[in-house]
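Undergrad: Pasted the sequence and its predicted model underneath.
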Amino acid sequence: MTTPVLSVRNLNIDYVGAETDFHAVKDVSFDIAPGEFFGLAGESGCGKSTIAFAVSRLHRPPALIRTGSEILVEGRNVLELSDDELRKFRWREVAMVFQSAMNSLNPVLTIEAQFYDVLRAHGPIGRAEARARATELLKLVDIAPERLDSYPHQCSGGMRQRIVIAICLALNPKLLIMDEPTTALDVVVQREILQRIDVLRKKLGFAVLFITHDLGLMVQVCDRIGIMLEGELVEVNEAQTIYRQPQHPYTRKLWASMPKLRGEQTRVEASS
Ligand SMILES: Nc1ncnc2c1ncn2[C@@H]1O[C@H](COP(=O)(O)OP(=O)(O)OP(=O)(O)O)[C@@H](O)[C@H]1O
């Protein structure tokens, strides 16, 4: 069997308070295979983002990962990495697109400079080489190279989001975490971006951890889906099973709370 790109084992996370602790993630375990598109769904507050931040080692106090929890990326425990190892781990092994990623670009730097910052932070690279690499990366997300000279405010929301995704792919990560990456965008742009990601992960081989509360969107793009309820992972199944034969009563309840989908549910497929 191939080693999973991500293996989460008995993950317990508390938010430590002055009086009491809040147990936000409760003994969660799941695997993501290389190249797999894996979704985590559940209502707001069920702990999805807390998991995403822990996997990228971006969690901050008061979040506290309990002893005994394991997060393995290709078999290596992320929770034991030193600061130096962490610097190499971020972007190279795991890259994360946040909820409001399109607003995370630096407004006073050109797109080229923002690519340069990431590329240069991970090894010596000249301006010309960085520009060539950035051009290549922009092409992957269907953006013309002239945009390298633009500032973020000169690009649309959907374009900025695709630029952030291209920056995330700059160092060929094995896992791309996307936490509600398209929530602020209209449905057409949202769909286009997810189609692009689907094409890219097939072409480049990275796996995706996709987080959203939109189960309908999730079944269209994911291979497998985990359903979370109040910090617990209550069901993990193939996307089609989640759609056609949901096993857990809460998964059925989630569907019942969503507007009815009409006709056959088909996967999002796009040509490369
Ligand atoms: N800094 C914090 N301090 C205390 N509690 C927190 C903190 N951040 C999150 N929580 C709590 O932890 C729980 C899980 O939050 P989390 O953001 O992971 O949920 P989520 O499923 O990602 O929600 P959403 O879909 O709204 O982003 C929630 O009850 C939230 O209120």
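TA: Yes, it's here. Numbers count the residues shown, from 1 in each chain.
Undergrad: which secondary element of this structure has the worst mean pLDDT?
TA: Across the helices and strands of the chain, mean pLDDT, DSSP states H and E gives its lowest value to helix 187-204, namely a mean of 87.
Undergrad: Near the ligand, which residues of the protein? Just list them.
TA: Counting by Cβ under 6 Å from any ligand atom, the chain comes close to the ligand at 15, 22, 24, 42, 44-50, 62, 213. Where you see a C-beta, it was placed from the backbone N, CA and C, and this is true even at glycine.
Undergrad: Please repeat the previous calculation with a cut-off of 8 Å.
TA: Residues of the chain that fall close to the ligand, judged by Cβ under 8 Å from any ligand atom: 15, 17, 22, 24-25, 42-53, 60, 62-63, 99, 179-180, 211, 213, 228, 231.
Undergrad: list the contacts for the residue of the stretch 51-200 of the chain found nearest the ligand?
TA: Nearest to the ligand in the stretch 51-200 of the chain, going by Cβ to the nearest ligand atom, is Pro62, at a distance of 5.1 Å. Pro62 makes contact with Tyr15, Val16, Gly17, according to Cβ atoms under 8 Å, 6 or more residues apart in numbering.
Undergrad: Tell me the one among these nearest to the ligand.
TA: Relative to the ligand, the closest of the contacts of Pro62 is Tyr15; by Cβ to the nearest ligand atom it sits at 3.4 Å.
Undergrad: Quick check, the closest one in contact with Gly47.
TA: No - Tyr15 lies out of contact with Gly47 (Cβ atoms under 8 Å); the separation is 10.2 Å.
Undergrad: When those two are compared, which one has more neighbours?
TA: Here Tyr15 and Gly47 are compared on neighbour count by other Cβ atoms under 10 Å; more neighbours surround Gly47, at 23 against 15.
Undergrad: Neighbouring strands of the helix or strand containing Asn12 in the sheet, and parallel or not?
TA: Counting by DSSP states H and E, the element that carries Asn12 is strand 6-15. When pairs are called by DSSP bridges, strand 6-15 turns out to pair with strand 22-32 (antiparallel), strand 63-65 (antiparallel), strand 70-73 (antiparallel).
Undergrad: Compare those strands and give me the one nearest Met218.
TA: Between Met218 and the strands paired with strand 6-15, the shortest gap by Cβ to Cβ is with strand 22-32, which sits at 14.4 Å.
Undergrad: avg pLDDT for the helix or strand following the closest one?
TA: Next helix or strand after strand 22-32 toward the C-terminus (DSSP H and E): strand 37-41. Mean per-residue pLDDT for strand 37-41: 97.
Undergrad: So what are the sheet partners of strand 37-41 and their directions?
TA: Checking strand 37-41 against DSSP bridges gives partners strand 207-211 (parallel), strand 224-229 (parallel).
Undergrad: Pick the most buried one from these.
TA: Among the strands paired with strand 37-41, ranked by average contacts under mean count of other Cβ atoms under 10 Å, first place goes to strand 207-211 (a mean of 25).
Undergrad: quick one: the helices in the stretch 101-250 of the chain?
TA: Secondary structure of the stretch 101-250 of the chain (DSSP state H, counting those that start in this stretch): helices at 111-121, 127-140, 157-168, 187-204, 215-221, 239-244, 249-256.
Undergrad: Now do the buried residues in the second one.
TA: Within helix 127-140, the residues scored as buried using 16 or more other Cβ atoms under 10 Å are Ala130, Arg131, Arg133, Ala134, Thr135, Leu137, Leu138, Leu140.
Undergrad: need these in CSV with distance to Asp186 and pLDDT, can you?
TA: Formatted as CSV, those follow (distance: Cβ to Cβ, whole Å; pLDDT from 0 to 100):
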residue, distance to Asp186, pLDDT
Ala130, 32, 95
Arg131, 31, 96
Arg133, 31, 94
Ala134, 27, 96
Thr135, 28, 96
Leu137, 24, 93
Leu138, 22, 94
Leu140, 22, 88
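Undergrad: from these, which single one is nearest Arg160?
TA: Distance ranking of the buried residues of helix 127-140 against Arg160, using Cβ to Cβ, places Leu138 first at 12.2 Å.
Undergrad: burial of the nearest residue to Leu58 once chain neighbours are set aside, as a residue count?
TA: Nearest residue to Leu58, sequence neighbours excluded (Cβ to Cβ, 6 or more residues apart in numbering): Met96, at 6.9 Å. Neighbours of Met96 under the rule other Cβ under 10 Å: 22.
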